[in-house]
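Q: Fold the following, please.
(one chain, ligands or ions: 2)
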Amino acid sequence: MAAPRLAMGLMSGTSADGIDAVVLRITPDGAMAVVAHHFLPYPDSLRNALLDFGNEEHRISARDMAAMDARVGALYAEAALALSAQCAEAQRVEVIGMHGQTVCHTPPDNSTQIGNPAQLLTALGRPVVADFRRADMALGGQGAPLAPLFHQAAFAAPDHWRAVVNLGGIANISWLPPQGGGALHGYDTGPANGLIDAWFNRHRGAPGYDHDGTWARTGTVLPTLLDAWQRDPFFRQPPPKSTGRGSFHLERLFALGAPEPDDEPADVQRTLLELTVRSVAQAIEDSAVTPERILLCGGGAYNGFLVERLSTVLAPATVLRTSDVGVAPEQVEAAAMAWLALRRLDGLPGAAASVTGARRDAVSGALYAPPV
Ligand SMILES: Nc1ncnc2c1ncn2[C@@H]1O[C@H](COP(=O)(O)OP(=O)(O)O)[C@@H](O)[C@H]1O
Ligand SMILES: [Mg+2]
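A: Residues are numbered from 1 along each chain as shown. Ligands and ions are numbered 1, 2, ... in the order given. I've put the predicted structure just below:
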């Protein structure tokens, strides 16, 4: 029997919390397993600087941007080396997929990730694939979301539709058709942890997050605010669509509807959480297909109150975490990078035109190969 394939994947999303790194093993029958995981949190100073990019008023010099590219590249290498130290199989990976840190996502024109891939190549001596979004964009696509083909390969069921909802800084949804029935599709639904974290940090001390949604749970939804926020045109825009921190940050949201000075901060937090719940529910409602199971991943899958609300609103669909089908929520997007890197090596598409709206499926990612 052929040997299993091994790849490493590294991901840091719009929450700017840090880098998730995994080793993914794929057996010849296509079964996938994450065999090791390491999370390297960003230092507070870097996290704050990256979060500042969300503010379109923010101006940064080319020199500072270049310094940040090297700093993020060094942290990617550090995360990969730490993973290698804890897992013998990490030294035998065929390839490493690195997402990099998005600093600007303005589809359909551009999506920029920083983090110098050559630093990872030099540190690990293995081929690195990076820059996964721009081939799709050159073909007229959104360059996002990136994970749906992986979600399909990892989580599709033979006999029923499933949906995967990734609750990162931004939320995205993938609909996974059963065998022989329908097309893979998906898009960004709007905000998730990004806004929830930002309000928490403003009122509860930065940087951190509302553990398990405990603080939001104490609040009450403010209906006027929720109505105003739901009027953001992104929610009504038909797919293909994607978004980022540049569109969903507190200042922009508050321009649609600002909290009154005597509104309780906990009530605003509760309302921000509800905005995520409603936008995901709207996406499911708008879809022509009804998923039987909805799998949650991303850090938001650890927000017990968010999961509880989604389970209530999405009933009768069964809401599960991806850990219930074999991959821990915080490992899914990093595993997608490992899988996408293998696709690039094999010359196979990594971005689905049915998701991104590109003219055709794109073989995505730039290869940085040894020797160096
Ligand atoms: N135990 C938890 N309770 C509540 N929220 C959590 C928990 N763990 C993680 N999160 C949320 O998940 C976020 C990180 O999610 P992640 O999937 O890494 O997003 P991204 O892909 O944007 O980096 C954190 O910023 C936090 O908001
Ligand atoms: Mg993250």
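Q: now the longest helix that the chain contains, how far from the centre of its chain.
A: When the chain is parsed with DSSP state H, its longest helix is helix 62-86. Mean C-alpha position of helix 62-86 versus that of the full chain (C-alpha atoms, centre = their mean, to the nearest Å) differs by 19 Å.
Q: same check, this time on stretch 133-151
A: The gap between where stretch 133-151 is centred and where its chain is centred comes out at 13 Å by C-alpha atoms, centre = their mean.
Q: Identify the residues contacting the longest helix of the chain?
A: 8, 10, 12, 19, 21-23, 36-40, 42, 46, 49-50, 60, 90-91, 96, 98, 100-101, 103, 114-120, 122-124 (C-beta atoms under 8 Å, 6 or more residues apart in numbering). In short, each C-beta sits where N, CA and C put it, glycine included.
Q: Narrow those residues to those in strands?
A: Among these, DSSP state E puts 8, 10, 19, 21-23, 36-40, 96, 98, 101, 103, 114 in strands.
Q: Which one of these sits in the busiest neighbourhood?
A: Ranked by the number of neighbours (other C-beta atoms under 10 Å), those place Met98 first, at 36 neighbours.
Q: could you check whether the helix or strand of the chain with the lowest mean pLDDT is close to ligand 1?
A: Least confident helix or strand of the chain, by mean pLDDT, DSSP states H and E, is helix 44-52 with a mean of 90. No. Using C-beta under 6 Å from any ligand atom, helix 44-52 never reaches ligand 1; the gap is at least 9.5 Å.
Q: In that helix, which residues are buried?
A: Within helix 44-52, the residues scored as buried using 16 or more other C-beta atoms under 10 Å are Leu46, Arg47, Ala49, Leu50, Leu51.
Q: swap in stretch 66-82?
A: Buried positions in stretch 66-82, judged by neighbour count with 16+ other C-beta under 10 Å: 68-69, 71-73, 75-82.
Q: how about the residues of this structure near ligand 1?
A: Counting by C-beta under 6 Å from any ligand atom, the residues of the chain lying close to ligand 1 are 13-15, 17, 168-169, 193, 196-197, 209-213, 298-300, 302-303, 333.
Q: Which strands and helices lie in contact with the one helix or strand Gln152 maps to?
A: Gln152 is part of helix 148-155, with elements assigned from DSSP states H and E. Using 3 or more C-beta pairs under 8 Å, 6 or more residues apart in numbering; DSSP states H and E, the elements in contact with helix 148-155 are strand 162-167, strand 170-176, strand 185-191, helix 332-345.
Q: rerun that using 10 Å as the cut-off
A: With contacts taken as 3 or more C-beta pairs under 10 Å, 6 or more residues apart in numbering; DSSP states H and E, helix 148-155 sits against strand 18-26, strand 32-41, strand 162-167, strand 170-176, strand 185-191, strand 293-297, helix 332-345, helix 353-356.
Q: Please convert those to TSV, extending it with mean pLDDT.
A: What follows is the helices and strands packed on helix 148-155, written out as TSV (pLDDT from 0 to 100):
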stretch	mean pLDDT
strand 18-26	98
strand 32-41	98
strand 162-167	98
strand 170-176	98
strand 185-191	97
strand 293-297	98
helix 332-345	98
helix 353-356	98
